[in-house]
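Peer 1: Here you go, sequence then predicted model.
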Amino acid sequence: MTFEEYIDIVKQIARIDDKLKMMGIKQTAPRIPTLSDMPRGGNGDFDQFGNYMIRVEALYEEREKLFDQIRDVLTNMEYQLVYYRYGRRLTWKETAMKIGYQQRNVYNIHDKIMQKFE
């Protein structure tokens, strides 16, 4: 696996995380009813929460399959560095703060990660 392929998988995982976050926001957001004197028949979707949970479960399964492809390549901390830097597009400074290291240490860790892919 090349570094570019690895980064592509990390970006896909980040997109799934974004979808899950947005789905959670939409599910918990208050709904404003539309007032109308016209009769409504409904859309036949009586189990909205059940359908929501099925979509969430499918996204988690897809995320897990992607993660399984890269699980053995890097340590958890190295994965976090790559996830925040490339998946979330944080700056080096923000990435260092997220994983709890100083910025110069993050550069050194990144160099070691790059060596693993050579």
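Peer 2: Arrived safely, thanks for sending.
Peer 1: how about the nearest residue to Q12, chain neighbours excluded?
Peer 2: Once flanking residues are discounted, Q12 sits nearest to L66: 5.5 Å by CB to CB, 6 or more residues apart in numbering. Every residue, glycine included, has its C-beta placed from N, CA and C.
Peer 1: so which helix or strand takes in the one you found?
Peer 2: helix 48-70 (DSSP states H and E).
Peer 1: repeat for Y79
Peer 2: Under the criterion of DSSP H and E, Y79 resides in helix 76-82.
Peer 1: ok, now M22?
Peer 2: Assigned by DSSP H and E, M22 belongs to helix 3-28.
Peer 1: Skip the chain neighbours and tell me the closest residue to the spatially most central residue of the chain.
Peer 2: In the chain, the residue lying closest to the centroid (CA atoms, centre = their mean) is D17, at 2.4 Å. Of all residues not flanking D17 in the chain, R63 sits nearest, at 7.4 Å (CB to CB, 6+ apart).
Peer 1: same deal with F117?
Peer 2: For F117, ignoring the flanking residues on the chain, the nearest one in space by CB to CB, 6+ apart is F3 at 4.0 Å.
Peer 1: For that neighbour, grab the count of nearby residues.
Peer 2: Neighbours of F3 under the rule other CB atoms under 10 Å: 15.
Peer 1: any idea how far it is from I25?
Peer 2: Taking CB to CB, to the nearest Å as the measure, F3 falls 33 Å from I25.
Peer 1: How about the backbone phi and psi for L90?
Peer 2: Main-chain dihedrals, L90, degrees, to the nearest 10: phi -80, psi 160.
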